[in-house]
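Peer 1: No sequence on hand, only this structure:
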């Protein structure tokens, strides 16, 4: 699945992020990975908003899900960089 | 020297550093941390509960963001190593279908004294509960499946 988010930025300055989905979220959206193109200053919250707008059933995802970037937990305000892997994590149930 | 803390780069019971799809072998995990200089060893097992309040659970299917679980366990064990520099801790989490009564997670801690061994096990299980990207789907006796911690009750099985 691939989305491009409208941006005033030059295409060359846009960043590409892979969004990974798991468990309930992957079932809901019907995909476990989404390629996103975002404006250069985009945050995790911006990426979540893009997924909620554009993915199948995306509006049913929470607006502030648990998130991780490059295998570490982050807050929604975290800035994204080109090539980042953003993961949206359903409520944790390990152990 | 064996009394220095170690996070096992490759667990003796897991295919990954800390993840396995096979039944967990607690004895192997304990053996991995044991050392003649460490007089107290504790083992914590988290097992799949049969459950009764809302239907008997036959098994739980565990899935995970596997690369992140490995990293998060590395971080948790490194934190344990800073708190208890004189001991050794190992952990293993199982993925896939785990029948009721079998272990989904095992933590072994060997320390110079017993209080620290219990405390280290407690520290690792509480951190795992809060931080590990692992999800579970309960499979009931009648085959019904349901996510635990499901934020979308509407998507649950008709039985509920």
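Peer 2: Cool, got the structure. Everything numeric in this text was worked out from a predicted model, so none of it was measured.

Peer 1: Return the residues of chain B in contact with chain A.
Peer 2: B:46, B:62-65, B:67-69, B:71-72, B:93, B:104-105, B:125, B:128-137, B:147-152, B:155 (CB under 8 Å from any CB of the partner chain). For the C-beta atoms, the positions are set from N, CA and C on the backbone; glycine is no exception.

Peer 1: Low-confidence ranges, chain B, go.
Peer 2: B:1-13, B:52-54, B:149-160 (pLDDT under 70).

Peer 1: Check the gap between residue B:100 and residue A:90 for me.
Peer 2: 23 Å (CB to CB, to the nearest Å).

Peer 1: Compare those two (neighbour count), which wins?
Peer 2: Ranked by neighbour count (other CB atoms under 10 Å in any protein chain shown), residue B:100 and residue A:90 place residue A:90 first, with 25 against 17.

Peer 1: Can you name the residues that contact that one?
Peer 2: A:22-25, A:65-66, B:135, B:147, B:149, B:151 (CB atoms under 8 Å, 6 or more residues apart in numbering or on different chains).

Peer 1: Please check those and keep the buried ones.
Peer 2: A:22-25, A:65-66, B:135, B:147 (16 or more other CB atoms under 10 Å in any protein chain shown).

Peer 1: ok, those residues vs residue A:45, which is closest?
Peer 2: Set against residue A:45, the nearest of the buried ones among the contacts of residue A:90 by CB to CB is residue A:65 (10.2 Å).

Peer 1: Which of the three states applies to whatever residue of chain A ends up closest to chain B?
Peer 2: At 3.1 Å from chain B, residue A:94 is the closest residue in chain A, using CB to the nearest CB. Secondary structure for residue A:94, judged by DSSP: H, G, I helix; E, B strand; the rest coil, is coil.

Peer 1: Next up, the contacts around it.
Peer 2: Counted by CB under 8 Å, 6+ apart, residue A:94 has contacts B:62, B:64, B:69, B:93, B:105, B:128-129, B:132-136.
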